[in-house]
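J.: Sequence plus predicted model, see below.
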Amino acid sequence: MPELPEVETVRRGLAPVLEGATIARVEKRRPDLRFPLPKRFVARLQGHKVTALRRRAKYLLAELDDATVLLMHLGMSGSFRIEGEKKAGSRKMDGGTVYFAQPKNEAHDHVVFHLKGGARIVYNDPRRFGFMLLVPSRDLETHPLLRDLGLEPTGNELSAEALAQKLAGRAAPLKAALSDQKLIAGLGNIYVSEALWRAKLSPRRAAGSLVRAAGEPTERLRRLVEAVRAVIADAVEAGGSSLRDYVQANGELGLFQHRFAVYDREGEPCPRNDGGKIRRIVQSGRSTFYCPLCQR
DNA sequence: CGAATGACCTGTGAGC
DNA sequence: TGCTCACAGGTCATTC
């Protein structure tokens, strides 16, 4: 499921339950995720408090009180759900930011965190492309999985100038470049198509064509940067996109799928009403959706 | 170095 | 109904 907006939605859903909570017990039901769960995974977590839940790109980072970080990635099909949370009296479920997946199959509940106080956080992942690792806090920045990550699209570091540096000289199509986590970190198959549509740029255009010889960003690149920021912001605000087995807990979340301009809309008219018909092509083995008329 | 491909897994929907 | 195939929101290792 998850690209940056979905991971951020998960983070916001888990944070109120997890931050400040102590992990009383951990159930390791299936250790063979994409990478095997680390040695002594259970022992290293039990009894520790989660001090903060952060996100970098598509990674969730649970900081623990022993200067360790629980690094989590949801892969293609990972999700968390919260069970057994006591609702404090009449307190309103503050925004209700709990992002539930509803697994059809508990056989894919691979890890369960039992928190002090009774809440449980259950990790479900049918395809098991997700993983969890434990990393000493001081090694986080240099960890191989995080070290080479590119620009974070939600912060100040994404600018046309910064992206120009990354795209300069690249012959790869924009679709491939924007999907490359070493360049920009957080976009995936959905939001790359959506951002390129918003920027009116063809997914097949060479990435380097948005950079002038002097390394300066072109107007097209400025447009692209604005489109990326906007689509990510809009999707986060909508609680991400819920496809297939994912549903929102309270009807307010995971609504961005209704606002796709092109993703999974092959054959439909371009929302710009320019007479274009949305096309699906395959790039790097993955579907890309775009309007051949307005996206050049 | 950059670019393209296969591999890792399970589930689902389309088409026969 | 049951089978086969294509495809699914990610990314790592391998190859050219």
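T.: All right, it came through fine.
J.: mind listing the strands in chain A by residue range?
T.: Assigned by DSSP state E, chain A shows strands spanning A:23-28, A:50-56, A:59-64, A:68-73, A:79-83, A:109-115, A:120-124, A:131-136, A:279-283, A:286-290.
J.: right, so of the ones you listed, which gets closest to DNA strand C?
T.: strand A:286-290 (3.2 Å; C-beta to the nearest atom of the strand). Glycine gets a C-beta too; all of them are placed from N, C-alpha and C.
J.: hang on, the earlier thing: which of the strands of chain A comes out lowest on mean pLDDT?
T.: Mean pLDDT is lowest for strand A:79-83 among these, at a mean of 91.
J.: For the residue in the stretch 151-296 of chain A that DNA strand C sits nearest to, give its distance to A:Glu3.
T.: As assessed by C-beta to the nearest atom of the strand, DNA strand C sits closest to A:Gly188 within the stretch 151-296 of chain A, at 1.8 Å. Distance of A:Gly188 to A:Glu3, given as C-beta to C-beta, to the nearest Å: 4 Å.
J.: between these two, what contacts are shared?
T.: Common neighbours of A:Gly188 and A:Glu3 (criterion: C-beta atoms under 8 Å, 6 or more residues apart in numbering): A:Lys58.
J.: hmm, back to that, let me know the pLDDT of the residue of the stretch 151-296 of chain A closest to DNA strand C.
T.: 97.
J.: Find the nearest non-adjacent residue to A:Ser202, please.
T.: Leaving out its chain neighbours, the residue that sits closest to A:Ser202 by C-beta to C-beta, 6 or more residues apart in numbering is A:Gln295, at 4.7 Å.
J.: quick one: the closest residue to DNA strand B within chain A from DNA strand C, how far?
T.: Taking C-beta to the nearest atom of the strand, DNA strand B has its nearest neighbour within chain A at A:Arg127, 3.3 Å off. In this view, A:Arg127 and DNA strand C are 6 Å apart by C-beta to the nearest atom of the strand, to the nearest Å.
J.: Surely that residue and A:Ser77 touch.
T.: Yes: between A:Arg127 and A:Ser77 there is a contact under C-beta atoms under 8 Å: 4.3 Å.
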